[in-house]
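S.K.: kindly return the folded structure for what I paste below:
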Amino acid sequence: MINGPYFVLTVLGVLGTGLVAGVFCAFSTFVMRGLAVLPPAQGVAAMKAINVTAVQPAFMIVFLGSALLCAVIAVVTLVVWPEEGAVEVLLGSALYLIGSFGVTVVANVPRNNALLELDAGTPEAAAYWPTYVREWTAWNHVRMIASAAAAVLYVLGLT
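M.R.: Reported below is the predicted structural model:
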(Lines give C-alpha, C1' and ligand atoms only; values in the text may rest on other atoms or scores of the structure.)
Protein backbone atom coordinates (compact mmCIF):
# COMPACT_ATOMS: atom_id res chain seq x y z
CA MET A 1 0.00 0.00 0.00
CA ILE A 2 1.11 3.55 -0.69
CA ASN A 3 2.16 5.33 2.52
CA GLY A 4 4.15 8.23 3.96
CA PRO A 5 4.77 11.41 1.95
CA TYR A 6 3.89 9.54 -1.25
CA PHE A 7 0.45 8.83 0.24
CA VAL A 8 -0.02 12.53 0.99
CA LEU A 9 0.99 13.49 -2.56
CA THR A 10 -1.47 10.99 -4.01
CA VAL A 11 -4.32 12.16 -1.76
CA LEU A 12 -3.59 15.74 -2.85
CA GLY A 13 -3.68 14.45 -6.43
CA VAL A 14 -7.15 13.02 -5.81
CA LEU A 15 -8.32 16.35 -4.40
CA GLY A 16 -6.82 18.49 -7.15
CA THR A 17 -7.93 16.40 -10.10
CA GLY A 18 -11.36 15.91 -8.50
CA LEU A 19 -11.83 19.65 -7.99
CA VAL A 20 -10.87 20.37 -11.58
CA ALA A 21 -13.22 17.62 -12.78
CA GLY A 22 -16.01 19.33 -10.83
CA VAL A 23 -15.36 22.70 -12.47
CA PHE A 24 -15.32 21.12 -15.92
CA CYS A 25 -18.46 19.11 -15.09
CA ALA A 26 -20.29 22.32 -14.19
CA PHE A 27 -19.34 23.85 -17.53
CA SER A 28 -20.29 20.74 -19.50
CA THR A 29 -23.62 20.16 -17.78
CA PHE A 30 -25.13 23.59 -17.31
CA VAL A 31 -22.89 26.65 -17.79
CA MET A 32 -22.35 26.21 -21.53
CA ARG A 33 -25.96 25.15 -22.06
CA GLY A 34 -27.11 28.29 -20.27
CA LEU A 35 -24.82 30.48 -22.33
CA ALA A 36 -25.84 28.76 -25.57
CA VAL A 37 -29.50 29.73 -25.17
CA LEU A 38 -28.66 33.41 -24.81
CA PRO A 39 -28.62 35.66 -27.85
CA PRO A 40 -25.14 35.39 -29.40
CA ALA A 41 -24.00 38.86 -28.31
CA GLN A 42 -24.89 38.10 -24.69
CA GLY A 43 -23.40 34.60 -24.78
CA VAL A 44 -20.15 35.85 -26.29
CA ALA A 45 -19.91 38.71 -23.78
CA ALA A 46 -20.58 36.38 -20.86
CA MET A 47 -18.07 33.76 -22.01
CA LYS A 48 -15.43 36.40 -22.61
CA ALA A 49 -15.95 37.62 -19.04
CA ILE A 50 -15.72 34.05 -17.73
CA ASN A 51 -12.50 33.44 -19.68
CA VAL A 52 -10.91 36.57 -18.23
CA THR A 53 -11.92 35.76 -14.64
CA ALA A 54 -10.91 32.09 -14.96
CA VAL A 55 -7.23 33.01 -15.09
CA GLN A 56 -7.32 34.44 -11.57
CA PRO A 57 -5.38 32.71 -8.76
CA ALA A 58 -8.32 30.84 -7.24
CA PHE A 59 -8.76 28.56 -10.24
CA MET A 60 -5.26 28.68 -11.66
CA ILE A 61 -3.68 27.45 -8.41
CA VAL A 62 -5.94 24.40 -8.48
CA PHE A 63 -5.65 23.78 -12.23
CA LEU A 64 -1.91 24.41 -12.70
CA GLY A 65 -1.07 23.14 -9.23
CA SER A 66 -2.76 19.85 -10.08
CA ALA A 67 -0.74 19.59 -13.28
CA LEU A 68 2.49 20.19 -11.37
CA LEU A 69 1.42 17.75 -8.68
CA CYS A 70 0.56 15.08 -11.29
CA ALA A 71 4.01 15.48 -12.82
CA VAL A 72 5.66 15.20 -9.40
CA ILE A 73 3.55 12.14 -8.55
CA ALA A 74 4.56 10.49 -11.83
CA VAL A 75 8.27 11.11 -11.21
CA VAL A 76 8.06 9.92 -7.60
CA THR A 77 6.16 6.82 -8.72
CA LEU A 78 8.85 5.99 -11.27
CA VAL A 79 11.56 6.43 -8.64
CA VAL A 80 9.83 4.67 -5.72
CA TRP A 81 7.79 2.17 -7.73
CA PRO A 82 5.51 0.91 -4.95
CA GLU A 83 4.52 -2.75 -4.94
CA GLU A 84 0.89 -1.80 -5.47
CA GLY A 85 -0.81 1.10 -7.22
CA ALA A 86 2.06 2.28 -9.43
CA VAL A 87 0.30 1.59 -12.72
CA GLU A 88 -2.93 3.25 -11.59
CA VAL A 89 -1.10 6.31 -10.30
CA LEU A 90 0.96 6.67 -13.48
CA LEU A 91 -2.16 6.35 -15.62
CA GLY A 92 -3.93 8.94 -13.47
CA SER A 93 -1.04 11.35 -13.88
CA ALA A 94 -0.92 10.82 -17.64
CA LEU A 95 -4.67 11.26 -18.00
CA TYR A 96 -4.65 14.58 -16.20
CA LEU A 97 -1.53 15.90 -17.87
CA ILE A 98 -2.62 14.94 -21.37
CA GLY A 99 -6.42 14.84 -21.19
CA SER A 100 -6.98 17.86 -18.98
CA PHE A 101 -3.95 20.15 -19.08
CA GLY A 102 -2.88 19.22 -22.61
CA VAL A 103 -6.36 19.49 -24.08
CA THR A 104 -6.78 22.87 -22.40
CA VAL A 105 -3.62 24.17 -24.04
CA VAL A 106 -4.23 22.80 -27.54
CA ALA A 107 -8.03 22.93 -27.82
CA ASN A 108 -9.83 25.18 -25.34
CA VAL A 109 -7.39 28.08 -24.93
CA PRO A 110 -7.05 28.70 -28.70
CA ARG A 111 -10.86 28.86 -28.97
CA ASN A 112 -10.98 31.22 -25.99
CA ASN A 113 -8.36 33.44 -27.60
CA ALA A 114 -10.28 33.51 -30.88
CA LEU A 115 -13.44 34.49 -29.01
CA LEU A 116 -11.61 37.24 -27.10
CA GLU A 117 -10.60 38.83 -30.43
CA LEU A 118 -14.24 39.29 -31.43
CA ASP A 119 -16.53 42.14 -30.42
CA ALA A 120 -19.62 40.57 -28.87
CA GLY A 121 -22.20 42.42 -30.95
CA THR A 122 -20.66 41.84 -34.38
CA PRO A 123 -21.93 39.49 -37.11
CA GLU A 124 -18.58 37.68 -36.93
CA ALA A 125 -19.10 36.91 -33.24
CA ALA A 126 -22.67 35.77 -33.89
CA ALA A 127 -21.47 33.46 -36.67
CA TYR A 128 -18.62 32.01 -34.58
CA TRP A 129 -20.62 31.55 -31.37
CA PRO A 130 -22.47 28.28 -32.24
CA THR A 131 -19.23 26.69 -33.48
CA TYR A 132 -17.37 27.88 -30.40
CA VAL A 133 -19.99 26.47 -28.02
CA ARG A 134 -20.11 23.10 -29.79
CA GLU A 135 -16.35 22.62 -30.15
CA TRP A 136 -15.35 24.10 -26.79
CA THR A 137 -17.93 22.01 -24.96
CA ALA A 138 -16.89 18.81 -26.74
CA TRP A 139 -13.28 19.36 -25.70
CA ASN A 140 -14.43 20.28 -22.20
CA HIS A 141 -16.16 16.89 -21.96
CA VAL A 142 -12.77 15.31 -22.68
CA ARG A 143 -11.16 17.41 -19.93
CA MET A 144 -13.92 16.54 -17.48
CA ILE A 145 -13.68 12.80 -18.13
CA ALA A 146 -9.88 12.81 -18.02
CA SER A 147 -9.78 14.75 -14.74
CA ALA A 148 -12.42 12.54 -13.11
CA ALA A 149 -10.72 9.37 -14.35
CA ALA A 150 -7.39 10.63 -12.97
CA ALA A 151 -8.98 11.12 -9.55
CA VAL A 152 -10.48 7.61 -9.68
CA LEU A 153 -7.17 6.08 -10.72
CA TYR A 154 -5.37 7.85 -7.87
CA VAL A 155 -7.95 6.45 -5.44
CA LEU A 156 -7.48 2.98 -6.92
CA GLY A 157 -3.73 3.41 -6.52
CA LEU A 158 -4.24 4.12 -2.84
CA THR A 159 -6.28 0.98 -2.19
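S.K.: which one's the longest helix in this protein?
M.R.: In the chain, with assignment by DSSP state H, the single longest helix is helix 123-158.
S.K.: buried ones in that one?
M.R.: The neighbour-count check on helix 123-158 (16 or more other C-beta atoms under 10 Å) flags 125-126, 128-129, 132-133, 136-137, 139-155, 157-158 as buried. Just so you know, the C-beta spots here come from the backbone N, C-alpha and C atoms, and that holds for glycine as well.
S.K.: check the offset of that helix from the chain's centre.
M.R.: Chain-centre distance of helix 123-158: 7 Å, with C-alpha atoms, centre = their mean, to the nearest Å.
S.K.: now for it, which elements pack on it?
M.R.: The helices and strands touching helix 123-158, judged by 3 or more C-beta pairs under 8 Å, 6 or more residues apart in numbering; DSSP states H and E, are helix 4-26, helix 32-36, helix 40-54, helix 86-94, helix 103, helix 109-116.
S.K.: relative to residue 72, which of those is closest?
M.R.: helix 4-26 (6.6 Å; C-beta to C-beta).
S.K.: so what touches the closest one?
M.R.: 2, 59, 62-63, 65-66, 69-70, 72-73, 76-77, 80, 82, 85, 89, 92-93, 96, 100, 140, 143-144, 147-148, 150-151, 154-155, 157-158 (C-beta atoms under 8 Å, 6 or more residues apart in numbering).
S.K.: between it and helix 123-158, how many degrees?
M.R.: Orientation of helix 4-26 against helix 123-158 (axes from the mean of the first three to the mean of the last three C-alpha atoms, to 10 degrees) gives an angle of 150 degrees.
S.K.: got the angle for helix 4-26 vs helix 40-54?
M.R.: Using the same axes, to 10 degrees: helix 4-26 against helix 40-54 is 170 degrees.
S.K.: name the residues of helix 4-26 that are buried.
M.R.: 6, 9-10, 12-14, 16-21, 23-25.
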